[in-house]
Structure formats: structure tokens, C-alpha cells
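Novice: Starting from these lines, generate the structure:
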Amino acid sequence: MEDIITNKLKCAVATWDTLPNSCIKYSYLYRYYPPMCGFKLTDRELNDRELIWSFRQSPKIISQIPHQKSIGLVSIRLEKLLSKLFKDSFYELVFVCIPASNQLENIIRYEAFSKDLSQDMCMINAYPHITFKEDRGVKQIQNESDSLDRLQFDEQFFKGKNVLLFDDIMVTGYSFAHFANKLSSLGANIVAAIAVGRTFYHRRKEYIPPKIRTVFRSIIDGFEE
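Specialist: Presented below is the predicted three-dimensional model:
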């Protein structure tokens with residue numbers, strides 16, 4: 001049974017969307033349009049994609065934005081979002097980064113980021129409590145079951161903790177749900193999940209390109225004169 005503190009934390013994200021086939025609330029910092037989205041991106045959309053690539057520090061993708069700069073920008077936006085939601089309840093949260101596909105990428109992507117953000121926001125850093133059973137180098141995982149089998153969890157640490165999940169890119173949300181199920185089985189309470197970017201293949205229906213908005217604005221201004 002969830003206690004008063006857990007319910008308070010979940011109420012803070014009650015207006016967020018819910019993951020498909022799950023009760024987990026989620027949000028994201030940037031809209032991510034992959035290269036195969038099929039339409040021309042604005043400068044801002046391209047910059048957001050470059051930022052996400054840089055944050056991931058994937059050896060297969062070269063970004064024009066330095067890795068440390070991307071970490072700083074993501075941290076600022078994330079801290080602003082969390083401050084608005086949880087206010088003085090940060091010390092009740094355990095910050096859990098879903099590990100990268102191998103140990104090296106995980107260290108580069110999350111070790112310093114998780115430590116610094118947790119310290120700045122007075123959250124508990126879960127990074128040291130999820131380790132790799134073996135170093136697979138750059139070998140990629142094949143499925144979600146494999147992704148958990150390769151990890152060692154500090155089971156006592158997670159029992160009764162209020163967890164805030166974090167990942168770099170969200171596509172379907174299945175990774176969040178799968179990881180949440182694992183931590184729940186260890187006795188953790190899943191408060192919410194946040195991704196740096198959520199993948200979109202289409203723009204929202206109400207989207208109007210900046211140049212068109214400028215034309216509309218000039219027409220409206222003409223009528224108002």
C-alpha cells in the first residue's frame with residue numbers, strides 16, 4: 001500500500017500523459033524527429049535532434065553540439081521542470097537512469113550526469129545501485145529481457161523507494177514500462193518517467209511553419225491598422 005509521501009509525489013504528475021498499457025505517468029523535454037521522418041525540419045527541430053544525439057554520445061552518430069554542453073542544457077531544462085512539480089520533496093525521490101546498451105556508453109552518458117543532477121536537486125542517486133554483470137563492450141542488446149538479464153540490481157536499496165525513471169529517447173514507452181516492472185518487483189514505487197526526447201514521425205496537427213505564421217501575423221496586423 002502506498003504511503004502519503006508516495007501519493008503526494010504522484011499527485012504532482014497527475015496531469016502528465018500515461019504510458020500505453022500502463023499506469024505510469026511520463027513526460028519529455030524535447031520532441032525528437034528521426035532522420036526518416038520524411039519532412040524538412042526547422043532549425044530549432046534540427047538543433048533539438050543534434051542536442052539529443054550529443055547527449056547520447058553514440059559512437060555511430062556525430063553531433064555538432066559538444067557532449068558537455070548538451071548535458072548542461074538537458075540538466076537546466078530538467079531541473080526547471082522538476083522544481084516546478086516537486087518543490088521541496090526532492091529528497092524523497094530516487095533518480096534512476098535506465099542503463100545504456102553497454103557499460104562504456106552507460107558510464108559516458110549517465111555516471112556524472114546522474115551524480116551531479118541528483119546532488120543539485122537533493123535527490124538520491126541510483127546510478128551506483130545498478131551495475132553490469134559483465135562488460136559487453138559495444139555489443140548491442142537484442143531485446144528487453146536481455147537488457148535486464150545483463151544487469152545487477154541492489155535489491156535492498158530499491159525496496160520502498162520512490163523512483164523517478166529517466167531515459168534518453170522514448171519511442172513506444174515499452175522500455176520505461178519494462179524497467180518499471182522490474183523495480184516494482186523489488187518493492188519500489190514508480191512515481192513517473194521522463195525522457196530527454198520523445199520520438200515523433202509526424203508533427204502535431206496544429207503545427208504551422210514559422211514562415212507561414214509570419215505571413216498570418218502580417219495579414220492580421222494589416223487588418224488591425
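Novice: Scan this structure for its longest helix.
Specialist: Identified as the longest helix of the chain according to DSSP state H is helix 67-86.
Novice: could you give me the average pLDDT of stretch 29-43?
Specialist: Mean per-residue pLDDT for stretch 29-43: 92.
Novice: quick one: contacts of that stretch?
Specialist: 45, 48-49, 51-52, 74, 77-78, 81, 169, 194-203, 209-210 (CB atoms under 8 Å, 6 or more residues apart in numbering). Just so you know, the C-beta spots here come from the backbone N, C-alpha and C atoms, and that holds for glycine as well.
Novice: ok, now with 7 Å
Specialist: Residues from elsewhere that reach stretch 29-43, judged by CB atoms under 7 Å, 6 or more residues apart in numbering: 45, 48-49, 51-52, 74, 77-78, 169, 196-201, 210.
Novice: List only those of these flagged as buried.
Specialist: 45, 48-49, 51-52, 74, 78, 169, 196-199 (16 or more other CB atoms under 10 Å).
Novice: The contacts of stretch 29-43 in strands, which ones?
Specialist: Among the contacts of stretch 29-43, DSSP state E puts 169, 196-199 in strands.
Novice: These: which two are farthest apart?
Specialist: Taking CB to CB as the measure, the ones in strands among the contacts of stretch 29-43 span a maximum distance of 11.0 Å, between Val196 and Thr199.
Novice: Tell me the residues that contact both of those two, please.
Specialist: Counting by CB under 7 Å, 6+ apart, the residues touching both Val196 and Thr199 are Ile169.
Novice: residue ranges with poor pLDDT in this structure?
Specialist: For the chain, the stretches with pLDDT under 70 are 1-2, 59-60, 135-146, 205-225.
Novice: how about the helices in it?
Specialist: Under DSSP H, the chain gives helices at 4-12, 43-56, 67-86, 103-106, 112-121, 144-149, 155-158, 174-185, 210-224.
Novice: how much does the second one deviate in direction from helix 112-121?
Specialist: Calculated by axes from the mean of the first three to the mean of the last three CA atoms, to 10 degrees, helix 43-56 forms an angle of 100 degrees with helix 112-121.
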